[in-house]
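**Student:** give me a 3D structure for the following:
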Amino acid sequence: MKSSITSGDRRPRAASKMTLIFCLTLSTGWAFAHPALPIPNNKPPKSILTHEGFSNTSTSSRSAKEKLTPISGTPFRGISKRLGLCANDEPEEKPPSQLESIVANAKSIVLFKSNPFTNPTLRTKYLTAATAGLAVSLAMVPEAVSFSFVAGVSPLVGLWTTVVLGFFAALFGGRAGICSSASGACSVVVAALCASHGGGYLAGCAALAGILQIVAGTAGMGKLIRIVPHPVMIGFVNGLTLVMLKAQMTHFKTAGKFMSLFTAEGKATYGCAILTMFLVRFGLPKLQEKVEAAKAVPPTLGGVVLAAIVAKYLKWPVKTLADVAGSETFRGGLSILPKIGLPSSVWEPLMNAPVETLRVILPYAITMAAVGSIESLLTLQLLDGLVDDGKRGSTKREVIGQGIGNLASGLTGGIGGCALIGQSLINAQSGGGVSRFSGMSMAIFLALGIVSFAPLLGQIPVVALAGVMLLVCQSTFSWGSLRLFGKIPNIDMFTILLTTYVTVKDDLAKAVLLGTISSALGFAWKQSTTISAQITHTNLNVPGGGPRLPNVKSYNIHGPLFFGSSQAFSGLFRVKEDPDDIVIDFTSSRVFDHSALDAINALANRYGALGKRVYLRHLSSDCAKLLGRFTTEGCPHLKLWNLIPQLIRYMALRKTLNTTKTLPLQSLVERR
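**Tutor:** The predicted model follows:
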């Protein structure tokens, strides 16, 4: 073996042999000296593979023995040498010990690919979601308290319902950004139950409603929200906006009348609300454009906090949350934590008389489950259109998530609820629409506020939160719907107005049901007026060796044939004036239901009574099968002709076309 010693330094050949033996020993025996650190196949860094004493001439002359080989258990701390080392090379680096190699390996281990504490993008995402949840938690307080009064229970019950329901619904729900709480729609439903049987039955009703929602969600019934027309959606949004606006107006009234601007209380109340609205809409967004650090705080949260500080510093006579809900609600401490389990007022009757107890709460539970699911799914669809994150919410998961939340709420003595569109919009506008953590943090912050910071939370002015909700009403209302008069069909405009009115006057479930029925009937009526017939003449080649019939009268049907158009379909034909053989061509039509089948059969009987024959042409395969199953007694006057050739095989009648014997209905097909 030729030595690779440089010309500037020549050493004895023995020293070169000793160096070679030493390197061979290191390159082949290091793994055995360290059994806990096997030699990996990964290549070490280039900085370790290169050496100052190596020749950088043509690499093609290197033999296979001169390949670089790592000799340590770690590619970051190991030593790599060429097998043919020179005597003038630098002294060998001492191989790392087993402990040093383990430490080096440990430093390179990454447990999480995306660590939210080290990844700046994820850290910003979760921080934004947390601050959005904090802002929404403040907006949840007056709503939960108000709905508690509607249901006839303590404000603490509504607040803990918001905590439990909001957390589990956000965790298991259909999309990020939805915030759930005790709602007015559900509170109105169970108010009569609370008045007749006490607040204890509300917990059982909420738990049962949750179970029904879980069953409905598992069965995929959430998909039924797809049949809700767009005019119903617009009416729902407008009606819910008016309901929220009506609820906020109560904070500006005293003794049933609006406060006067000439009184100190009126000036402070209106001034605090206007200040909050100005900060949220203009002040803080302008500040965020100039100061990067201000973007960490949502304008809604900053506006409410600043308005509360100003009201406290200037001693404005405004009502606070503690004034509305009572000081007992915001006393704080662990003593106000909810107890797990159904209250004894409903548990004992359920054990002693389960059938009678279920008979009482089941109707309310069914209504509550339906109302909560409809409002939550409509909120889901609304957020899908507002949050541009490229994702679509799952209706199945949303219904199941609401069911789990209501079940957990009932088991902690809550009253149940559903998703709130106003607070969900606040969450989305604050940046929380891209993470489920925003809804979960809302519940966590609200729970911490009730237990640890209750006195401080109780000092927030109610009108400051009302100002935020007024901005939500302004952005939620579909102002474009006011310009739709005269531009859309009258039935759609009527559906919008009907849904809006019923939402305000009654409840959401009835509004959606009536709106959907109205829209469906309007669509059916419009489609029923589109059916028509074009009369032509055609040549009829009867399959099965039948005669060729020239110049046969043909009715070319246009438009759908269903229950709404069956009567108009029958009026298109002149039975007495028509020849003995006629063709009904369904190329531009389709048969949908039993009413259509009955209309075709009745028409064939009318022609048959006069000794005439009817040929159905280009009837789709599924329509032909329906007609074949429907006509069980046979109809010799009715022939199915020229169906879709790719789907139905040739079949012929057992008799000639002029037979008078009753034959079963069969398909005659002519290839095109």
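**Student:** report the secondary structure state of the most centrally placed residue in the chain.
**Tutor:** Centroid-nearest residue in the chain, with CA atoms, centre = their mean: G393, separated by 2.0 Å. G393 falls in the coil class when you classify it by DSSP: H, G, I helix; E, B strand; the rest coil.
**Student:** so what's the closest residue in space to it that isn't next to it in sequence up against?
**Tutor:** Leaving aside its chain neighbours, G393 sits nearest to R175 (3.3 Å; criterion: CB to CB, 6 or more residues apart in numbering). Using the backbone N, CA and C atoms, a C-beta is placed for each residue, glycine as well. Neighbouring residues of R175 by CB atoms under 8 Å, 6 or more residues apart in numbering: L380, L383, D384, K391, R392, G393, S394, E398.
**Student:** possible to save those as TSV with distance to L334 and pLDDT?
**Tutor:** Shown next, in TSV, are the contacts of R175 (distance: CB to CB, whole Å; pLDDT from 0 to 100):
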residue	distance to L334	pLDDT
L380	35	90
L383	35	87
D384	40	85
K391	39	78
R392	42	84
G393	36	88
S394	37	91
E398	33	94
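**Student:** which among those residues end up buried?
**Tutor:** Buried by 16 or more other CB atoms under 10 Å: L380, L383, D384, G393, S394, E398, out of the contacts of R175.
**Student:** pretty sure the fourth one sits against G385.
**Tutor:** No: contact criterion CB atoms under 8 Å: G393 and G385 do not qualify, at 10.5 Å.
**Student:** could I get the contacts of R175 as CSV with distance to A132?
**Tutor:** Converted to CSV, the contacts of R175 look like this (distance: CB to CB, whole Å):
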residue, distance to A132
L380, 18
L383, 13
D384, 18
K391, 17
R392, 21
G393, 18
S394, 21
E398, 19
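**Student:** closest to T367 among those?
**Tutor:** The nearest member of those to T367, counting by CB to CB, is E398 at 18.8 Å.
**Student:** what's the neighbour count on the residue lying closest to the closest one once chain neighbours are set aside?
**Tutor:** The shortest distance from E398 to any non-neighbouring residue, by CB to CB, 6+ apart, is to G174 (2.9 Å). Using other CB atoms under 10 Å, G174 is surrounded by 26 other residues.
**Student:** check the one 10 residues further on too.
**Tutor:** Burial of G184 is recorded as 23 neighbouring residues (other CB under 10 Å).
**Student:** what residues of stretch 333-352 count as buried?
**Tutor:** So, applying 16+ other CB under 10 Å, buried residues of stretch 333-352: I336, P338, L342, P343, V346, P349, L350.
**Student:** picking that back up, distance of the residue nearest to E398 relative to L448?
**Tutor:** Remark: distance between G174 and L448 (CB to CB, to the nearest Å) = 26 Å.
**Student:** redo the buried ones among the contacts of R175 as TSV? Include distance to L508.
**Tutor:** Listed next are the buried ones among the contacts of R175 as TSV, based on distance: CB to CB, whole Å:
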residue	distance to L508
L380	14
L383	17
D384	19
G393	19
S394	21
E398	16
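**Student:** and G416, that one's in a strand?
**Tutor:** No: under three-state DSSP, G416 falls outside any strand and is assigned coil.
**Student:** begin at 405 from here
**Tutor:** Renumbered: residue one is now 405, and that last one reads G820.
**Student:** since we're on the closest residue to it other than its chain neighbours, how many residues are nearby?
**Tutor:** The shortest distance from G820 to any non-neighbouring residue, by CB to CB, 6+ apart, is to A610 (3.1 Å). Using other CB under 10 Å, A610 is surrounded by 34 other residues.
**Student:** A610 and G814 touch, don't they?
**Tutor:** Yes: A610 is in contact with G814 according to CB under 8 Å; the separation is 3.6 Å.
**Student:** for the two, list the residues in contact with both.
**Tutor:** Contact criterion CB under 8 Å, 6+ apart; residues shared by A610 and G814: G820.
**Student:** what about the residue nearest to E802, which SS state?
**Tutor:** coil.
**Student:** dump the residue contacts of it.
**Tutor:** So G578 contacts G626, L784, G797, S798, T799, K800, R801, E802, V803, G805 (CB under 8 Å, 6+ apart).
**Student:** from those residues, which land in helices?
**Tutor:** Using DSSP state H, the subset of the contacts of G578 located in helices is L784, T799, K800, R801, E802, V803, G805.
**Student:** need those residues in CSV with distance to Y959, can you?
**Tutor:** Below are these laid out as CSV (distance: CB to CB, whole Å):
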residue, distance to Y959
L784, 47
T799, 43
K800, 46
R801, 50
E802, 49
V803, 48
G805, 54
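**Student:** among the buried ones among the contacts of R579, which two are most distant?
**Tutor:** The widest separation within these (CB to CB) is 12.4 Å, between L787 and S798.
**Student:** on that earlier part again, and the ones in helices among the contacts of G578, which is closest to Y530?
**Tutor:** G805 (20.3 Å).
**Student:** doesn't A573 make contact with the closest one?
**Tutor:** Yes: counting by CB under 8 Å, G805 touches A573, with 4.9 Å between them.
**Student:** between those two, who's got more neighbours?
**Tutor:** Using other CB under 10 Å as the criterion, G805 and A573 rank with A573 on top: 33 against 29.
**Student:** the more buried one and A812 touch, don't they?
**Tutor:** No: under the criterion of CB under 8 Å, A573 makes no contact with A812, lying 9.2 Å away.
**Student:** correct me, but A677 touches V867?
**Tutor:** Yes: between A677 and V867 a contact is recorded at 4.5 Å, counting by CB under 8 Å.
**Student:** which one of the ones in helices among the contacts of G578 is nearest to A937?
**Tutor:** Nearest to A937 among these is T799, at 41.5 Å by CB to CB.
**Student:** what residues are up against the closest one?
**Tutor:** So T799 contacts G578, G626, K627, I629, L781, L784 (CB under 8 Å, 6+ apart).
**Student:** does the fifth one touch G626 like I think?
**Tutor:** Read that as L781. Yes: with contacts counted by CB under 8 Å, L781 reaches G626, the gap being 6.0 Å.
**Student:** identify each buried residue in stretch 961-970, please.
**Tutor:** I961, G963, P964, L965, F966, G968, S969, S970.
**Student:** end to end on that stretch, go ahead and measure it.
**Tutor:** Its first and final residues considered, stretch 961-970 spans 12 Å by CA to CA, to the nearest Å.
**Student:** sketch out the low-pLDDT regions of the chain for me.
**Tutor:** The chain contains residues with pLDDT under 70 at 405-524, 946-951, 1030, 1032-1076.
**Student:** ok, then the element right after the lengthiest strand in it?
**Tutor:** As assigned by DSSP state E, the longest strand anywhere in the chain is strand 952-965. Counting by DSSP states H and E, the next helix or strand C-terminal to strand 952-965 is helix 970-974.
**Student:** against which helices or strands is that following helix packed?
**Tutor:** Helices and strands touching helix 970-974, by 3 or more CB pairs under 8 Å, 6 or more residues apart in numbering; DSSP states H and E, are helix 998-1013.
**Student:** so what's the gap between the helix it packs on and the chain middle?
**Tutor:** In terms of CA atoms, centre = their mean, to the nearest Å, the centre of helix 998-1013 is set 47 Å apart from its chain centre.
**Student:** so which elements touch it?
**Tutor:** strand 952-965, helix 970-974, strand 985-995, strand 1017-1021, helix 1025-1034, strand 1042-1045.
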